[in-house]
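J.: missing the sequence, but the structure's below:
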């Protein structure tokens, strides 16, 4: 599984955690280990709401434990830069129940 992350290193990624958080890396995925702990540089959390736009909370350098990661995907920076997050409304994700 960890080998599948190799092409994502030094690219912009989005990480969905098991507790429903969406962490986006404005910078890059800096690295990972065999238990899929991730090191993210220049990251922020996107907090979704049905009553207001998406709040982006700056996190900076951030480490996520591998057992808390649900999904990791590449971000299309061109499409992402065109989105108006202040007017985007959505329900927050629920946590994953094991």
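T.: Good, I have the coordinates. Note that the coordinates shown come from a computational prediction; the quantities given were computed from them, not determined experimentally.

J.: ok, and the closest non-adjacent residue to the most far-flung residue of the chain relative to its centre?
T.: Ranked by distance from the centre of the chain (Cα atoms, centre = their mean), the top residue is residue 51, with 21.8 Å. Nearest non-adjacent residue to residue 51, counting by Cβ to Cβ, 6 or more residues apart in numbering: residue 89, 7.4 Å away. Any C-beta I mention is one placed from the backbone N, CA and C, and that applies to glycine too.

J.: could you do residue 90 as well?
T.: Excluding the flanking residues, the one nearest residue 90 by Cβ to Cβ, 6+ apart is residue 48, at 4.4 Å.

J.: pretty sure residue 15 is touching residue 36, no?
T.: No - at 10.4 Å, residue 15 and residue 36 do not qualify as touching, with contact defined as Cβ atoms under 8 Å.

J.: residue boundaries of the helices in the chain?
T.: 77-82 (DSSP state H).

J.: over stretch 81-92, what's the mean pLDDT, rounded is fine.
T.: Across stretch 81-92, pLDDT averages out at 92.

J.: any idea how far it is from the chain center?
T.: For stretch 81-92, the distance from its own C-alpha centre to the chain's C-alpha centre is 15 Å (Cα atoms, centre = their mean, to the nearest Å).

J.: quick one: residue 9 and residue 74, what's the gap?
T.: Distance, residue 9 to residue 74, using Cβ to Cβ, to the nearest Å: 11 Å.

J.: low-confidence stretches in the protein?
T.: For the chain, the stretches flagged by pLDDT under 70 are 1, 98.

J.: need the contact partners of stretch 41-56.
T.: Contacts with stretch 41-56, where a contact means Cβ atoms under 8 Å, 6 or more residues apart in numbering, come from 21-30, 57-62, 84-93.

J.: any idea how many residues pack against the residue nearest to residue 90?
T.: Neighbour count of residue 48, defined by other Cβ atoms under 10 Å: 17.

J.: cool, and residue 13?
T.: Residues lying near residue 13 (other Cβ under 10 Å) number 21.

J.: ok, the one 5 residues further on next?
T.: Each residue near residue 18 was counted by other Cβ under 10 Å, and the total is 16.

J.: check residue 92 too.
T.: 13.
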